[in-house]
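Asker: coordinates only, sequence not included:
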């Protein structure tokens with residue numbers, strides 16, 4: 001059976017989550033890049049270790065998790081640090097997305113929706129997509 005990859009993107013407050021819910025109801029599998037982005041920076045993950053190495057232990061909460069606000073403040077004020085963070089996290093996010101795509105392919109899903117933020121560097125993934133949908 002043929003599987004179609006569909007890229008879905010949209011700004012904040014555009015109704016993207018409503019569209020995602022509708023597509024799920026229609027039986028599409030949905031892979032959420034934002035959820036994966038949070039998972040790949042958890043302790044014991046490769047990206048976590050690299051982030052702590054480059055940004056220092058002061059970006060950690062007492063629990064050992066990454067303080068997203070502290071990290072956000074750094075990358076917001078320093079574009080080169082944002083590029084560094086992206087170079088650490090994006091390959092891991094893409095790897096996990098491809099893993100999930102393969103899982104849904106094996107499970108026989110016909111449509112797999114890749115829910116990707118607008119700012120995400122997707123050139124490596126877009127070449128595999130049958131359609132891309134922008135919610136606005």
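Answerer: Arrived safely, thanks for sending. Worth saying up front: this structure is predicted, and the values here are computed from it rather than measured.
Asker: need the contact list for the residue nearest the centre of the chain.
Answerer: By Cα atoms, centre = their mean, the chain has its centre lying nearest to residue 33, at 2.4 Å. If you count contacts by Cβ atoms under 8 Å, 6 or more residues apart in numbering, residue 33 has them with 93, 97, 114-117, 120. Using the backbone N, CA and C atoms, a C-beta is placed for each residue, glycine as well.
Asker: go with 10 Å
Answerer: Shown in contact with residue 33 (Cβ atoms under 10 Å, 6 or more residues apart in numbering): 7-9, 90, 93-94, 96-97, 114-117, 120, 122, 125.
Asker: Please flag which of the residues you listed sit within strands.
Answerer: Using DSSP state E, the subset of the contacts of residue 33 located in strands is 7-9, 114-115.
Asker: Which of the contacts of residue 33 sits closest to residue 83?
Answerer: Distance to residue 83 across these (Cβ to Cβ) is lowest for residue 90, with 10.2 Å.
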